[in-house]
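Asks: give me the fold of what follows.
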Amino acid sequence: RHGVLDVLGYPRWVMGRDYLLNCKRGVLQLTVIKTITTMLDTAFELFSSFSSVNGNVRPKVDFFITVVNSISMSFALYALAKLHKATYP
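Replies: Model prediction:
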């Protein structure tokens with residue numbers, strides 16, 4: 001047990017049906033998170049073009065969206081690496 005998620009207390013994935021479901025969830029969460037953050041970004045872009053109030057909020061929103069997308073992408077890649085480990089002969 002020496003992975004980053006092991007250090008953070010994430011439970012170990014045991015081979016079997018649950019293992020593959022965790023891999024699927026890991027990749028699926030990326031599509032859901034990416035869609036939500038894209039809609040949020042679009043909404044803030046439209047809101048900022050109609051309002052001059054949130055000039056100070058936009059950089060914070062961009063940073064938040066970037067962090068959330070990066071974490072989501074990292075977990076999806078972790079899930080794909082685990083799937084590769086399970087299926088590689």
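
Asks: drop to CA atoms for contacts and neighbour counts, all remaining ones
Replies: Noted.

Asks: mind listing residues that contact stretch 23-40?
Replies: Contact with stretch 23-40 is made by 65, 68-69, 72-73, 75-80, 82-83, as judged by C-alpha atoms under 8 Å, 6 or more residues apart in numbering.

Asks: flag every buried residue along the longest helix that the chain contains.
Replies: The single longest helix within the chain, with elements called by DSSP state H, is helix 17-50. The neighbour-count check on helix 17-50 (16 or more other C-alpha atoms under 10 Å) flags 19-20, 22-23, 26-27, 30, 33-34, 37, 41, 44 as buried.

Asks: and it, how far out from the chain's middle?
Replies: 7 Å (C-alpha atoms, centre = their mean, to the nearest Å).

Asks: what is the subsequent helix or strand relative to it?
Replies: helix 58-87 (DSSP states H and E).

Asks: got the angle between that next one and helix 17-50?
Replies: Interaxial angle, helix 58-87 versus helix 17-50 (axes from the mean of the first three to the mean of the last three C-alpha atoms, to 10 degrees): 160 degrees.

Asks: can I get the contacts of stretch 23-40 in a markdown table with distance to V14?
Replies: Below are the contacts of stretch 23-40 laid out as a markdown table (distance: C-alpha to C-alpha, whole Å):
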| residue | distance to V14 |
| --- | --- |
| I65 | 32 |
| V68 | 27 |
| N69 | 27 |
| S72 | 22 |
| M73 | 22 |
| F75 | 17 |
| A76 | 18 |
| L77 | 18 |
| Y78 | 15 |
| A79 | 13 |
| L80 | 15 |
| K82 | 11 |
| L83 | 12 |
